[in-house]
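> Here is the input, now give the coordinates:
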Amino acid sequence: MQHGLTAEALRSLAAWALAAGREAGLDERRARAVVGRLIPKELREDALVSAVESAEASAENVSVASLGQRYETLLAVTRARAKKRAGTFYTPSKLARELCRRALEGRVVLSVIDPACGAGAVLLEALAFAKPAALYAIDLDPAAVWLARVALALASGRHDDASISHWIERVRVADALLEQPFDRSLLFDAVVGNPPWVSYAGRSAERLDPMQKRALRERYRAFSGFPTAHGMFIERAATLLADGGRLALLVPTTVADLDGYRATREALASRAHVDEPVDELGFDQFDGVVQPTMILCATARPRGESVDQPSRRWSVASARLAAPRPLLAPSLVARLEALARFPKDTFGEGGFQSAGTIAKTHLGPLDEPRFSVPLREGADVVPFACRAPSLGLDPSPDALAVARCTLRPQSFYDRVTVLVRQTARYPIACRHDPSAAFRNSLLAGFSSEPDALCALLNSALLRAWHLSTQRDGRQAVFPQVKVAHLRALPAPPEERPLAELAELAREAERHQRARLALARESSRSMGVSERAFDVVDGEIAGSPSSARALRDEEARRAFDAAIEQAREHWRRARAVLEKIDENVCRLYGVTDEERASIDAVLAWKQPKG
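Sure thing, here's the model as predicted:
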């Protein structure tokens, strides 16, 4: 990432660096000399050199440790898009210290590298465990490298002329995934860091230059499956380790068990022994990051040593839980694991890719002429039924070409028989009737028995199985159901008939459709939101704000009557859902004890704090 900073932003960085030099005991002349000489050649432009020469040290008390956090805050204000593309997040000192403790404590370490060092937060903590001469660092951002050099020079007390040359040599601007700026034969006693969290596939994918994409695909096994920067950095870190070297990285917890990271796990495990269980830290470790975080630690194997099942999932222990998470009964788990899975072609993608600016520029209210193609989205789907689309897509070829998007032909959507919400704790499914295009917040199901499939997906048993086996479903923020999760669900034994289950699904659909139709009609006639009729925590409360918005007593009575009708439809639907659960439990041979474990799993929620 090129810095792309304005002259004003550069002056701020210079002022903070000079103030940090003052806090470290340097006089103004020496601080200016140190800060200026450590500027990377990639940044040696008139604006920055002038900023250092002319800037006044900030009047604030700027500690060395705060330089990185100040830089990230500056990026968030001045270059938010570039910050997101680069996956840049400041590593809190507490986490940086823990990484270094796990990789370095109690060992003689002659070389330690952070291959995505940012402004040096992790290596600052490494100084408590290793000598300054042992430290190496790389980052793609020259402004971050500059601050890392300054911070390490000031924190270590090594800022004489010879030491400045040392930091210039040891903290380098480079792309660690594609370059080795140091001696190519050099292997390290430890690799530590918080690599960039960037995805190159999926709903939040960042685009890669075609040549860079080709180079990464050829070089990294981790680029296959679900390609991410952090996955490749894990593989890269493994190749940098000397035999017996230690690795400690902060990465998303999903790396441990998501199928898309199979190649990443294989690449690491083939070179190093992973410490298990891996420690999960929870959801709130970084500002702006909603994924759970884990500390991944490993020790390099002797080169050439073989390993069994290198791509297997890693066990994870969460230190965030006040009480153990409920588990399904072992007997039930064993029986379900032995069953066949749904055929692979039962589930797939197909929704219109609408992430980023596309949602702002190409989607809008369906009642506006420009947005003429009805587009269903995840929130439209409830168990066994879906609302009529209210969102529309601008289908003009020119508009889609500019956004580099394509809309599948209607013939594809006509083949989809079942819709499943993607952002949910567990499957929420309905028949795709009537057919319409849909966003990528919905997944597609293809079945000749859509009613039975909906009943299975909405059942307590398969929902509990999803929660038990898929970490994405247990996330406190943006839980996910993915195609791979659906394909991993245990299919019912083939000899068991599904006709009764299908009939129950049709009955549940009738009650749910009646509730949604009542909500739609009430919205039109009373001006209240359809969401006032939503089921929340198992009940329809009726939105007080919607009721207060009604003009008179008669209107409020009409609203209350409509809500009561909706509650009656939901009571009937819920009674059918209970019959479906009983039927599914019979299909899979679930005992009363096992059913109690299903209920416990469904009642549990991941704590946010």
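> And the host helix or strand of residue 167, what's buried?
Assessed by DSSP states H and E, residue 167 sits inside helix 161-170. Neighbour counts over helix 161-170 (16 or more other C-beta atoms under 10 Å) mark 163-164, 166-168, 170 as buried. Placement of C-beta: from N, CA and C, glycine included.
> Stretch 383-403 too?
Buried-residue list, stretch 383-403, by 16+ other C-beta under 10 Å: 383-387, 389-394, 400, 403.
> Next: stretch 479-498.
Neighbour-count burial for stretch 479-498, counted by 16+ other C-beta under 10 Å, picks out 479-492, 498.
> Show me what the mean pLDDT comes to for that stretch.
Averaging pLDDT along stretch 479-498 gives 90.
> quick one: terminal-to-terminal distance for that stretch?
30 Å (C-alpha to C-alpha, to the nearest Å).
> now do stretch 178-193
End-to-end span of stretch 178-193 (C-alpha to C-alpha): 17 Å.
> Run through the strands of the stretch 351-500 of the chain in chain order.
363-365, 373-376, 381-382, 385-386, 391-393, 418-421, 429-431, 437-438, 442-445 (DSSP state E, counting those that start in this stretch).
> could you say what helices and strands the first one packs with?
Read that as strand 363-365. For strand 363-365, the packing partners by 3 or more C-beta pairs under 8 Å, 6 or more residues apart in numbering; DSSP states H and E come out as strand 391-393.
> which among the buried residues of stretch 383-403 gets closest to residue 233?
Proximity of these to residue 233 (C-beta to C-beta) peaks at residue 403, which lies at 30.0 Å.
> Just the pLDDT at that closest one, thanks.
Residue 403 is assigned a pLDDT of 65 by the prediction.
> swap in residue 544?
50.
> Tell me how this structure divides into domains.
The chain breaks down by automatic domain parsing into domains covering 93-318, 332-494, 500-603.
> Put together a markdown table for those, with distance to residue 38 on each row.
Below are those laid out as a markdown table (distance: least, C-beta to C-beta, whole Å):
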| stretch | distance to residue 38 |
| --- | --- |
| domain 93-318 | 4 |
| domain 332-494 | 37 |
| domain 500-603 | 55 |
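> Which among these is found nearest to residue 33?
Of the domains of the chain, nearest to residue 33 by C-beta to C-beta is domain 93-318, at 8.7 Å.
> can you give me how far that closest one is from the chain middle?
In terms of C-alpha atoms, centre = their mean, to the nearest Å, the centre of domain 93-318 is found 18 Å from the chain centre.
> and what of stretch 589-606?
Averaging C-alpha positions (C-alpha atoms, centre = their mean) puts stretch 589-606 28 Å from its chain's average.
> Average pLDDT for it, rounded please.
Rounded mean pLDDT across stretch 589-606 is 90.
> Pull the CA coordinates from that stretch and hand them back as CSV.
Extracted in CSV, the C-alpha atoms of stretch 589-606 (Å, rounded to 0.1, in the frame of the first residue of the first chain):
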residue,chain,number,x,y,z
GLY,A,589,-33.9,-42.1,15.6
VAL,A,590,-33.4,-39.3,18.3
THR,A,591,-33.9,-40.4,21.9
ASP,A,592,-35.5,-38.1,24.6
GLU,A,593,-32.0,-37.6,26.1
GLU,A,594,-30.6,-36.6,22.8
ARG,A,595,-33.5,-34.3,22.2
ALA,A,596,-32.7,-32.4,25.4
SER,A,597,-29.2,-31.8,24.1
ILE,A,598,-30.7,-30.4,20.9
ASP,A,599,-32.8,-27.9,22.9
ALA,A,600,-29.8,-26.9,25.0
VAL,A,601,-27.6,-26.2,21.9
LEU,A,602,-30.3,-24.0,20.3
ALA,A,603,-30.9,-22.1,23.5
TRP,A,604,-27.2,-21.1,23.8
LYS,A,605,-25.8,-17.9,22.3
GLN,A,606,-22.2,-16.6,22.0
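> residues making contact with that stretch?
The contact list for stretch 589-606 (C-beta atoms under 8 Å, 6 or more residues apart in numbering) reads 283, 325-329, 331-332, 335, 425-426, 460-461, 463-464, 467-468, 474-476, 584-585.
> Buried residues, it. List them.
Of the residues in stretch 589-606, 590, 594-595, 597-598, 601-602, 604, 606 count as buried by neighbour count, 16+ other C-beta under 10 Å.
> With stretch 527-536 instead?
Buried residues in stretch 527-536, counted by 16+ other C-beta under 10 Å: 528, 530, 532-535.
> Tell me the gap between that stretch and the middle of its chain.
Taking C-alpha atoms, centre = their mean, the mean C-alpha location of stretch 527-536 is offset from the chain mean by 30 Å.
> Drop anything exposed from the contacts of stretch 589-606.
Buried members of those, scored by 16+ other C-beta under 10 Å, are 283, 326, 328-329, 332, 335, 425-426, 460-461, 463-464, 467-468, 474-476, 584-585.
> and the longest helix for the chain?
Ranked by residue count under DSSP state H, the longest helix found in the chain is helix 553-587.
> Check which element follows it along the chain.
Following helix 553-587 in sequence order, the next helix or strand is helix 592-603 (DSSP H and E).
> on that earlier part again, looking at the domains of the chain, which is closest to residue 28?
Evaluated over the domains of the chain, closeness to residue 28 peaks at domain 93-318, with 14.1 Å, by C-beta to C-beta.
> Need the pLDDT of residue 211.
Predicted confidence (pLDDT) for residue 211: 91.
> Can you name the residues in contact with whichever helix or strand it is part of?
Element membership of residue 211 [criterion: DSSP H and E] is helix 210-219. Residues outside helix 210-219 that contact it (C-beta under 8 Å, 6+ apart) are 177-178, 200, 208, 223-224, 227, 232.
> hmm, 10 Å instead?
175, 177-178, 200, 207-209, 222-224, 227, 229, 232, 235-236, 239 (C-beta atoms under 10 Å, 6 or more residues apart in numbering).
> ok, and for that helix, which residues are buried?
For helix 210-219, burial by neighbour count (16+ other C-beta under 10 Å) applies to 215-216.
> With stretch 66-79 instead?
Neighbour-count burial for stretch 66-79, counted by 16+ other C-beta under 10 Å, picks out 66-72, 74-75, 79.
> Quick check: the farthest pair among the residues you listed?
66 and 79 (19.4 Å).
> I'd say residue 127 and residue 135 touch.
Yes - Residue 127 is within contact range of residue 135, at 7.6 Å (criterion: C-beta atoms under 10 Å).
> So which of these two has more stuff around it?
residue 135 (25 against 16; other C-beta atoms under 10 Å).
> For the more buried one, which residues are in contact?
Residues in contact with residue 135 (C-beta under 10 Å, 6+ apart) are 109, 111-114, 117, 120, 123-124, 126-127, 148, 152, 156, 166-167, 170-171.
> now swap in residue 113 and tell me
Going by C-beta under 10 Å, 6+ apart, residue 113 touches 123, 126, 134-138, 170, 176, 182, 186-193, 237, 240-241.
> Likewise for residue 435?
Contacts for residue 435 (C-beta under 10 Å, 6+ apart) come out as 376, 410-417.
> Among the contacts of residue 113, which lie within strands?
Under the assignment DSSP state E, these contribute 135-138, 188-193, 241 to strands.
> Nearest to residue 25 among those residues?
The shortest approach to residue 25 among the ones in strands among the contacts of residue 113 belongs to residue 135, at 21.0 Å (C-beta to C-beta).
> Closest to the centroid, which residue in this protein?
Compute the mean C-alpha point of the chain, and by C-alpha atoms, centre = their mean the closest residue is residue 291, 4.5 Å away.
> So for that residue, what's the pLDDT?
The predicted structure scores residue 291 at 76 on the pLDDT scale.
> Look up how far residue 165 lies from it.
Distance from residue 291 to residue 165, counting by C-beta to C-beta, to the nearest Å: 40 Å.
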